[in-house]
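*Asks:* build me a model from this:
(4 chains)
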Number of protein chains: 4
Amino acid sequence: MAKVGFIGAGKIGQTIAYSALVSGAVDEAVIYDIIPELPDKFEHELRHAFATKGIKANVLGTNSLDDVSGMDIVVISAGKPRKPGMSRRDLFVDNAKIMIDLAQKLPSKNPGAIYLMVANPVDMMASVFMKYSKQFTISAGDQVETMRMRSFIAKKLKIPVTSVDGFVGGEHGEDAVVLWSTVKIKGKPVDEFNINKDEVSDYVKKIPGEIIRVIGGTTWGPGTIIADIIKSIAFSENRVMSIATPKEYEKEIIHVSAPTVVGSSIGPSLESLLDEKDRWHLNSAMKDFYEAYKENLKQLEQATKA
Amino acid sequence: MAKVGFIGAGKIGQTIAYSALVSGAVDEAVIYDIIPELPDKFEHELRHAFATKGIKANVLGTNSLDDVSGMDIVVISAGKPRKPGMSRRDLFVDNAKIMIDLAQKLPSKNPGAIYLMVANPVDMMASVFMKYSKQFTISAGDQVETMRMRSFIAKKLKIPVTSVDGFVGGEHGEDAVVLWSTVKIKGKPVDEFNINKDEVSDYVKKIPGEIIRVIGGTTWGPGTIIADIIKSIAFSENRVMSIATPKEYEKEIIHVSAPTVVGSSIGPSLESLLDEKDRWHLNSAMKDFYEAYKENLKQLEQATKA
Amino acid sequence: MAKVGFIGAGKIGQTIAYSALVSGAVDEAVIYDIIPELPDKFEHELRHAFATKGIKANVLGTNSLDDVSGMDIVVISAGKPRKPGMSRRDLFVDNAKIMIDLAQKLPSKNPGAIYLMVANPVDMMASVFMKYSKQFTISAGDQVETMRMRSFIAKKLKIPVTSVDGFVGGEHGEDAVVLWSTVKIKGKPVDEFNINKDEVSDYVKKIPGEIIRVIGGTTWGPGTIIADIIKSIAFSENRVMSIATPKEYEKEIIHVSAPTVVGSSIGPSLESLLDEKDRWHLNSAMKDFYEAYKENLKQLEQATKA
Amino acid sequence: MAKVGFIGAGKIGQTIAYSALVSGAVDEAVIYDIIPELPDKFEHELRHAFATKGIKANVLGTNSLDDVSGMDIVVISAGKPRKPGMSRRDLFVDNAKIMIDLAQKLPSKNPGAIYLMVANPVDMMASVFMKYSKQFTISAGDQVETMRMRSFIAKKLKIPVTSVDGFVGGEHGEDAVVLWSTVKIKGKPVDEFNINKDEVSDYVKKIPGEIIRVIGGTTWGPGTIIADIIKSIAFSENRVMSIATPKEYEKEIIHVSAPTVVGSSIGPSLESLLDEKDRWHLNSAMKDFYEAYKENLKQLEQATKA
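*Replies:* Model (predicted):
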């Protein structure tokens, strides 16, 4: 699979598309944004990059959603970013409206596509999009946090990041938890090393805010990591990644991240292989997610009525 | 991790080393073979290839096993191939002797290394090497069969191989079984497609013999696939691969393949996530392996006494 | 060669560094910027990206120029961008001061390094840096225009960009000229195809302005193309690229782009192999460059006296 | 360009095809050999490798030359190897007959293709194929020697091979000469280093024989290097490589290697940029080539009459 639609050509959408295309995982890309000329000019930038790299992928930047057609994967990064003074709930309502709109327009033209949600709040947006589209939807979830965790431990211990293994799970954002039973350093349990677990969790929670404060947004990290989710699907690499796949909870489809096999087919989840403590964290994340989600759906209902 | 020792520079050892080095997964390679000059001349060939590719890996071809030191991964392909008229048991005894010898020499110089067995009968050789070395040993197992299975289905259905997912498990060779519950095509269960399962199983069993008959050996397939096992460890990609990891069975360490997460740490196995039928196949493969292995160990004992 | 210093971590500096690191061309990167915390936070972003890619390069983001030490290549993108109402000459003076400052500080710590200029006006900044540093300096020159030209022709003819060959030369910017004698399409002279040459030249001149107007800056194109200059040096690929190398003209070192072999050694230039018309264009570009440069140097002298 | 036909699936043909396909340079490959089943079984091996790598290239192994149709590049490695007691002239006659046969069959089905000769004596076979086919033909020439030269100097000086630049030219084989004016180490002239030039020339001449004596053939070096010629054409990388392009000499088309730009269009040659001594070597190589070639053509004529 390799035809990829990108809904949203903001900073993060651009970085994901660029990284996925340069990695060779995408044969055909259609990049949509509502901002006039933006996808077109981004297309030009990509074509200049392809010239030096010898990349032959077809690429189209467009302001017409109808051009996103026949895709294998659709990556949705469209949506508003959270502004100062704005609650997560406010963000939910604004972006959920966008998702409902996309959920009505995209499926008929892209039968059988996998939808990969990137817009925030990412897990809830995946659930909303799937609720309204009835299409198989995954959330980039905690794979970004997973890589930040590995990166921090590696720098702390002054070892290559490739020596650190393990995953972060739960809802993306401040409630994500390091699944400590999965963390291995040079193949050995984390407890054999001098690691302050609170410091690790703290880093994972706080580093995006720090980057946003200084640079204005996180792009290179999430862009590359999410592009690798696309790559693992497109090349059917079967990498285990901490993404959120749809699960039924009290008759509602919800999205909470756990280590999951990512290939041309998505799954299974490795949740049942975790130790009791980590499974407890994930269960509790699902309950929290469900309750907040239901609350947010109510707000959404009121907002759309108004 | 990236320092890789290659024990054996025959056709398959050469292809694995080449493919792993060209993929960038190896920073330092030490290639050992007992045949005079062979590793040295192979080193020259690799250096010529590195020049055009801009590869800066250190590489040493050597006839001295002592040079294999400080490695993160040791790949063992040394051993005799099966000759006409030779039983599998005969092959076991001959190659087990080589493994016991290596098990005595390699561990002290390579503390903490992962041993990756490639010599045939590959799963039993992994068990023998681990029994005598007490080192963590994995077998390339059925990852080659896994890719052959995907390749055959893709060609049959005239779809890209990246649209086919799934694994082969059990003992490497004629007793390997397709784990049908894992096989997905474009993300859908195999039963939605017109696939003759016997034909698939048959291909997986017979194609190596066909290739050997015409070309004299299988190299490009296994070489590339096994190099990707090394790559998944070295880059900590966490790909799920059907390799054999050590399991205790009746107080003996045995090696039978099941889908397993391969990163800088190896595992967990996804065996418990398979359906009942596939789990039954794997259990039965373990039992068969154990019995044949014990028998072979007895033969070995008698042979070494003699 | 593979130790690369990046002076300037703005948008373009970030994109070059990212693209060069992900391509595997850089073993060690030191990224400097004067803005507090910026290089540090960019380092974090890169580390997160490295985690998913398995990249083991050492990377340091720093506000201390002293950390840029022992580099093989130093890429200079530091400098002010041109603001509305600002003349090119004003830009020259402001950025030349930065170059003179860097020229005093960088050489002693980076003996034998190749300096690659990216800050605008790029060719003159290369000449200024070399004048004051006495170090071998090249300018990214017209390699970006070269790729834009190929990209435009490919899109126009609806053929893969890999079927278009040829170069743009002269001073980077509005005076760059397509070297038509070098342009080949599917290996054939451009005149066998229905190409409006003015339209091509026009595109090359105007597309950067168009991208800047819509996106706010050109990053993906130049970033990738300039990273490939680094890659061609680091892997000694000997790609022919239209960069500006130092040439003596009226006892002054000047920088004007022509197709040039780029490997671990830079050169030779292929200028003498061009047809008469293209050579005339390049000669005339050198004369123009020289005169404008001398004028600018005078302005600079007055500005520094003041 | 990316559709590549491989005429000959022996060891070297297999290695070139594998290396080119894994590098992503080939979208479609047709692999022909006269030996029954060989191309088919090699196709299976490649498909198994593609499965793990996620490669989507179309590949066909065939015993029918008619399947080699619509190619952009045709790589000819078919031919006999030199056997003990066989003169170079004998080899010429035997393989020239094969080339004449191919020259009659391939062109009509592959209009506009570039022919890349690999069969030995490689330069003369290129000339023969071009004489009889009237198609643009290049010889892999001295690019292999070029990389061997760089590799030897790098090992000798214990520096990365990417720090060594320069080319070998003249007729491929024992008469190839190091073009010393092009050799640079860390960007500096070779004379600043302690290099025994005779030792370098000697290595380039003798190492293939040494490898053949021990391993039975040279594959990894030439295979990778020649695949990079294909890659530089397919991605239009414009790498300078020491290949032999057609030149007219006394009204005969001959092939002698000189540094040449290799992209989707081939050329120009950098011969005129070399110093006088190196140019003299190349001129003298052309003369020698021409005389031996004319002699060989006479032998061929007599042999075909008989």
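*Asks:* residues contacting stretch A:97-109, please?
*Replies:* Residues from elsewhere that reach stretch A:97-109 (C-beta atoms under 8 Å, 6 or more residues apart in numbering or on different chains): A:5, A:7, A:65-66, A:68-70, A:74, A:76, A:78-79, A:113, A:115, A:119, A:125, A:128-129, A:131-135, A:300, A:303-304. (Glycine included, C-beta is placed from N, CA and C.)
*Asks:* in helices only, show me those.
*Replies:* Counting by DSSP state H, those place A:125, A:128, A:129, A:131, A:132, A:133, A:300, A:303, A:304 in helices.
*Asks:* are any of the contacts of stretch A:97-109 buried, and which?
*Replies:* Burial by neighbour count, 16 or more other C-beta atoms under 10 Å in any protein chain shown: within those this picks out A:5, A:7, A:65, A:68, A:74, A:76, A:78-79, A:113, A:115, A:119, A:125, A:128-129, A:131-133, A:135, A:300.
*Asks:* check the secondary structure at residue A:261 for me.
*Replies:* Reduced to three states with DSSP: H, G, I helix; E, B strand; the rest coil, the structure at residue A:261 is strand.
*Asks:* that one: what's it in contact with?
*Replies:* Taking C-beta under 8 Å, 6+ apart, we find residue A:261 in contact with A:238, A:239, A:240, A:267, A:268, A:270, B:240, B:270.
*Asks:* nearest to residue D:149, out of these: which one, please.
*Replies:* For the contacts of residue A:261, the residue nearest residue D:149 by C-beta to C-beta is residue A:239; the value is 40.7 Å.
*Asks:* now for that closest one, how many residues are close by?
*Replies:* Neighbours of residue A:239 under the rule other C-beta atoms under 10 Å in any protein chain shown: 25.
*Asks:* isn't it right next to residue B:241, touching?
*Replies:* No - judged on C-beta atoms under 8 Å, residue A:239 makes no contact with residue B:241 at a distance of 10.5 Å.
*Asks:* hmm, what's the outermost residue in chain A?
*Replies:* Most distant from the centre of chain A: residue A:192, at 31.7 Å, with distances by C-alpha atoms, centre = their mean.
*Asks:* which residue is the nearest non-sequential neighbour of that one?
*Replies:* residue A:185 (7.5 Å; C-beta to C-beta, 6 or more residues apart in numbering or on different chains).
*Asks:* for the one you found, name its beta-bridge partners.
*Replies:* When assigned by DSSP bridges, residue A:185 has beta-bridge partners residue A:164, residue A:188.
*Asks:* near chain D, which residues of chain A are found?
*Replies:* Contacts of chain A with chain D, taken as C-beta under 8 Å from any C-beta of the partner chain, map to A:2, A:24, A:25, A:27, A:53, A:54, A:56, A:234, A:235, A:236, A:237.
*Asks:* and these, which is the shakiest by pLDDT?
*Replies:* Sorting those by pLDDT puts residue A:2 at the bottom of the list (87).
*Asks:* what residues does the nearest residue to it once chain neighbours are set aside make contact with?
*Replies:* Computed as C-beta to C-beta, 6+ apart, the closest residue to residue A:2 that is not its neighbour in sequence is residue A:27, at 4.0 Å. By C-beta under 8 Å, 6+ apart, residue A:27 lies in contact with A:2, A:3, A:57, A:58, D:56.
*Asks:* go on, residue A:255?
*Replies:* Residue A:255 makes contacts with A:117, A:123-124, A:126-127, A:130, A:137-139, A:141, A:244-247, A:289, as judged by C-beta under 8 Å, 6+ apart.
*Asks:* okay, now the nearest residue to residue A:118 once chain neighbours are set aside: neighbour count?
*Replies:* Spatially, and ignoring its direct neighbours in sequence, residue A:118 is nearest to residue A:77 (4.1 Å; C-beta to C-beta, 6+ apart). Residue A:77 has 27 neighbours, counted by other C-beta under 10 Å.
*Asks:* closest one of the contacts of residue A:261 to chain C?
*Replies:* Using C-beta to the nearest C-beta, residue A:239 is the member of the contacts of residue A:261 that lies nearest chain C, at 9.0 Å.
*Asks:* mind listing the helices in the stretch 151-300 of chain A by residue range?
*Replies:* Taking DSSP state H, counting those that start in this stretch as the test, the helices found in the stretch 151-300 of chain A are A:197-215, A:220-234, A:276-305.
*Asks:* other SSEs contacting the second one?
*Replies:* Helices and strands touching helix A:220-234, as assessed by 3 or more C-beta pairs under 8 Å, 6 or more residues apart in numbering or on different chains; DSSP states H and E, comprise helix A:11-22, strand A:73-76, strand A:114-117, helix A:143-157, strand A:239-249, strand A:252-262, helix C:11-22, helix C:38-53.
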